[in-house]
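Visitor: Provided below for reference: sequence and predicted model.
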Amino acid sequence: MGRMGRKFDTLTEIILIDYRWVFVCLFLLPISFFYNFFYYFRNEIIFRLSSASTAHGAKVKSIQRQVRDWRETGMNTKMCTARPGWQTMSFRKPMYKKSMYQIKCNLVDILEVNTEKQTVRVEPLVNMKQLSETLGKLGWTIPIVPELDDLTVGGLVMGTGIESSSHIYGLFQHICLSFELVLADGSVAVCSKEENSDLFYAIPWSYGTLGLLTAVEIKIIPATRFIRLTYEPVKGLKKIMDTLHREAKNKANHFVEGLQYNLDEAVIMTGVMVEDNQVEWGQVNEIGKWYKPWFFKHVEKILRKGEKKIEYLPLVDYYHRHSRSLFWELQDIVPFGNNLLFRFFLGWLMPVKVSLLKLTLTKAVKKLYENHHIIQDLMVPIHNMKRCIEFFHEHVNVYPLWLCPFNLPNDPGMVHPKEKEEMYIDIGVYGVPNVDNFHPVKTTRAIEDLVEQCDGFQMLYADTYRSREEFYAMFDHKLYNTMRKRLTCESAFPEVYDKINKNVRE
Ligand SMILES: Cc1cc2nc3c(=O)[nH]c(=O)nc-3n(C[C@H](O)[C@H](O)[C@H](O)COP(=O)(O)OP(=O)(O)OC[C@H]3O[C@@H](n4cnc5c(N)ncnc54)[C@H](O)[C@@H]3O)c2cc1C
Ligand SMILES: NC(=O)C1=CN([C@@H]2O[C@H](COP(=O)(O)OP(=O)(O)OC[C@H]3O[C@@H](n4cnc5c(N)ncnc54)[C@H](OP(=O)(O)O)[C@@H]3O)[C@@H](O)[C@H]2O)C=CC1
Ligand SMILES: CC(C)=CCC[C@@H](C)[C@H]1CC[C@@]2(C)C3=C(CC[C@]12C)[C@@]1(C)CC[C@H](O)C(C)(C)[C@@H]1CC3
């Protein structure tokens, strides 16, 4: 019997599920490696030639042409992007793509880095790895670099993005300065806080249902090569909550994150960017090197020792600290991935591409995840953290938990605090539930109810079981509906709910 008392039915199931690592190691890892290698050089050449911004105009025109074609051919179905479902970083594949009018958007390049204005202008399919590498070489970074390499700017704007610098900068949309879109009538619109501000505030969390994004301007800040990271083991749930809140309010901390290992124990990490001359070289830990242990295992060791610890980490390694192990999700797929020998000989092939895992997913594994796995990011005001974690402990009992405080300004749009700017926390629950009565729908719904009572939100890349009315109660649709009417979106794009509910995802 496997974890959670799973019984094996057939030999094929045993091979497909318990020996998935054979397939992952022999095929997916090498393919991921060569794919990354090829794209690295392709992007480097385009960026050096500065050819992207000249080509951008023609790409936008091609999208406008496709939208006009859609209008001329009778507007029979609604539009979405043509990006295949297996490529996205969301948990499920969208089923709506099959029946909709797909707009091809080959928008994969960085258009301009302007260090005077401190901005970078990018196309929406630029991903986090490409952006952080390009900016890093120039000594800059975007203020929030969401973890996983393949997350795209478009997906992060239309959904949302969060990282351990979010206690200062907010969510990914809050570091965006302007959006360029092709609207339902085929025209191009640019919006920012100053220009077309209604549209600007309506875009985040709209999941591509107000227009097709073609460019985004994002703020950049100077980057150092190293950060000083302090690990502090903390005992007691109330103390964990209070420590996180205190550290998040302290703006001298550039990064704040918690990893909780059981109901009572967590390690709170605070990071500060430091210049090279402030680095104590004896305490440098290059956690990004292929042979290093998975980050959450490294932190767990510090917890077991029970002593505060300070280390200096390369900034890039820190940004991608959870990438190699997909937070702690890879341990179910390659159980020996953190083994020293494996790391030493094959670690350099990591991380496996999420898109390839999705592309090669079998029914048996899908069923396993459906019934014995939870993946949720729940965002609640930080003072509700204790209540939520106690509830999760009783109903799922999954550890580690990812704790990431973030500031939520009171801007118009889908997601804002009840009254005024407030410190929230994202609680990431990823793993195999350790309780007897876990029921994917009932348990997730109970969690969603609690989050709603706490004035919180659920990230929509994962499963949501909200009904339409419950979804409206969680996300403020006032500005969104006004914009849908004004831009004649009703005939052109589905509503957000029709793109994210469980019935349209497989
Ligand atoms: C992609 C992927 C996703 C997974 N997701 C989940 C999940 O969501 N939920 C979940 O419960 N498990 C999941 N598993 C399975 C889980 O990771 C394995 O069961 C795990 O490797 C074994 O851990 P265990 O503690 O259950 O080991 P034990 O139960 O102690 O078993 C040890 C080993 O014996 C073998 N074994 C156990 N029982 C049998 C059996 N009846 N017949 C033949 N061999 C057996 C297995 O190979 C196992 O590795 C997943 C596996 C993969 C590859
Ligand atoms: N650390 C973090 O913050 C993490 C965030 N995530 C989540 O992952 C998702 C991002 O994944 P990613 O693979 O990048 O994005 P996806 O391809 O999943 O896109 C997400 C949504 O954005 C829409 N969209 C994307 N590009 C455009 C565009 N150019 N024009 C119009 N709509 C667009 C998509 O519409 P369509 O369906 O039409 O393609 C889709 O509805 C986000 O939802 C994010 O919250 C996941 C893990 C970590
Ligand atoms: C806000 C933050 C930090 C979110 C982190 C979310 C990650 C833990 C998520 C994003 C994509 C994600 C849902 C994914 C999976 C695990 C959890 C991931 C990595 C896996 C790899 C689990 C195994 C599944 O069979 C499958 C391959 C479909 C998915 C793919 C996406």
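Guide: On my side now, so go ahead. Ligands and ions are numbered 1, 2, ... in the order given.

Visitor: Excluding chain neighbours, what is closest to the residue positioned nearest the centre of the chain?
Guide: Centroid-nearest residue in the chain, with Cα atoms, centre = their mean: Gly161, separated by 5.2 Å. Spatial nearest neighbour of Gly161, chain neighbours left out: Phe172 (3.0 Å); criterion: Cβ to Cβ, 6 or more residues apart in numbering. (Glycine included, C-beta is placed from N, CA and C.)

Visitor: Now do the contacts for that neighbour.
Guide: Counting by Cβ atoms under 8 Å, 6 or more residues apart in numbering, Phe172 makes contact with Ile144, Pro146, Leu156, Val157, Thr160, Gly161, Ile162, Pro204.

Visitor: which bits of the stretch 201-350 of the chain sit near ligand 3?
Guide: Those residues of the stretch 201-350 of the chain that sit near ligand 3, judged by Cβ under 6 Å from any ligand atom, are Leu326, Phe327, Glu329.

Visitor: Give me the buried subset of those residues.
Guide: Among these, those that count as buried by neighbour count (16 or more other Cβ atoms under 10 Å) are Leu326, Phe327.

Visitor: Looking at the residues of the stretch 201-350 of the chain next to ligand 3, which is nearest Asp18?
Guide: Glu329 (16.5 Å; Cβ to Cβ).

Visitor: so where do the helices sit in the stretch 201-350 of the chain?
Guide: Assigned helices in the stretch 201-350 of the chain, in chain order: 237-249, 295-305, 315-319, 340-346 (criterion: DSSP state H, counting those that start in this stretch).

Visitor: before we move on, the earlier item: roughly how far does the residue nearest to Gly161 sit from ligand 3?
Guide: With distances taken as Cβ to the nearest ligand atom, to the nearest Å, Phe172 is found 10 Å from ligand 3.

Visitor: quick thing: my sequence starts at 58, can you match it?
Guide: Shifting the count to begin at 58 puts that one at Phe229.

Visitor: Narrow the contacts of Phe229 to those in helices?
Guide: Using DSSP state H, the members of those that fall within helices are Leu213, Val214.

Visitor: Adding distance to ligand 1 and pLDDT as columns, could you present the contacts of Phe229 in TSV?
Guide: Formatted as TSV, the contacts of Phe229 follow (distance: Cβ to the nearest ligand atom, whole Å; pLDDT from 0 to 100):
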residue	distance to ligand 1	pLDDT
Ile201	30	98
Pro203	23	96
Leu213	26	98
Val214	30	98
Thr217	26	97
Gly218	26	97
Ile219	24	98
Pro261	32	98
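
Visitor: Keep only the contacts of Phe229 that also lie close to ligand 2.
Guide: Answer for the contacts of Phe229 near ligand 2 (Cβ under 6 Å from any ligand atom): Pro203, Leu213, Thr217, Gly218, Ile219.

Visitor: Could I get these in JSON lines, plus columns for distance to Val492?
Guide: Below are these laid out as JSON lines (distance: Cβ to Cβ, whole Å):
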{"residue": "Pro203", "distance to Val492": "30"}
{"residue": "Leu213", "distance to Val492": "33"}
{"residue": "Thr217", "distance to Val492": "29"}
{"residue": "Gly218", "distance to Val492": "30"}
{"residue": "Ile219", "distance to Val492": "27"}
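
Visitor: Please name the nearest non-neighbouring residue to the residue of the stretch 208-357 of the chain found nearest ligand 1.
Guide: Ligand 1 sits closest to Trp351 of the stretch 208-357 of the chain, with a gap of 15.6 Å, by Cβ to the nearest ligand atom. In space, and not counting its chain neighbours, Trp351 is closest to Ser382: 4.0 Å by Cβ to Cβ, 6+ apart.

Visitor: isn't that neighbour right next to Ile390, touching?
Guide: No. The criterion here is Cβ atoms under 8 Å, and Ser382 misses it with Ile390 at 10.1 Å.

Visitor: out of those two, which sits in the more crowded spot?
Guide: Higher neighbour count among Ser382 and Ile390: Ser382, with 20 against 17, using other Cβ atoms under 10 Å.

Visitor: Distance of Ser382 relative to Glu552?
Guide: For Ser382, the distance to Glu552 (Cβ to Cβ, to the nearest Å) stands at 36 Å.

Visitor: Apart from its neighbours in sequence, what residue is nearest Ile284?
Guide: The shortest distance from Ile284 to any non-neighbouring residue, by Cβ to Cβ, 6+ apart, is to Gly328 (4.4 Å).

Visitor: Tell me who's in contact with the one you found.
Guide: Ser221, Ile284, Arg285, Leu286, Thr287, Asn310, His311, Phe312, Val313, Leu370, Tyr375.

Visitor: What are the neighbouring residues in contact with the fifth one?
Guide: I take that to be Thr287. Going by Cβ under 8 Å, 6+ apart, Thr287 touches Met326, Thr327, Gly328, Lys365, Lys366, Ile367.

Visitor: out of those residues, which are buried?
Guide: Met326, Thr327, Gly328, Lys366.

Visitor: isn't the second one right up against Lys308?
Guide: Right, Thr327. No. The pair Thr327 / Lys308 is not scored as a contact, 11.5 Å apart, by Cβ under 8 Å.

Visitor: State the phi and psi torsions of Asn464.
Guide: phi -90, psi 130 (degrees, to the nearest 10).

Visitor: Let me fix that, I meant to ask about His430.
Guide: The phi/psi pair for His430 (degrees, to the nearest 10) is phi -150, psi 150.
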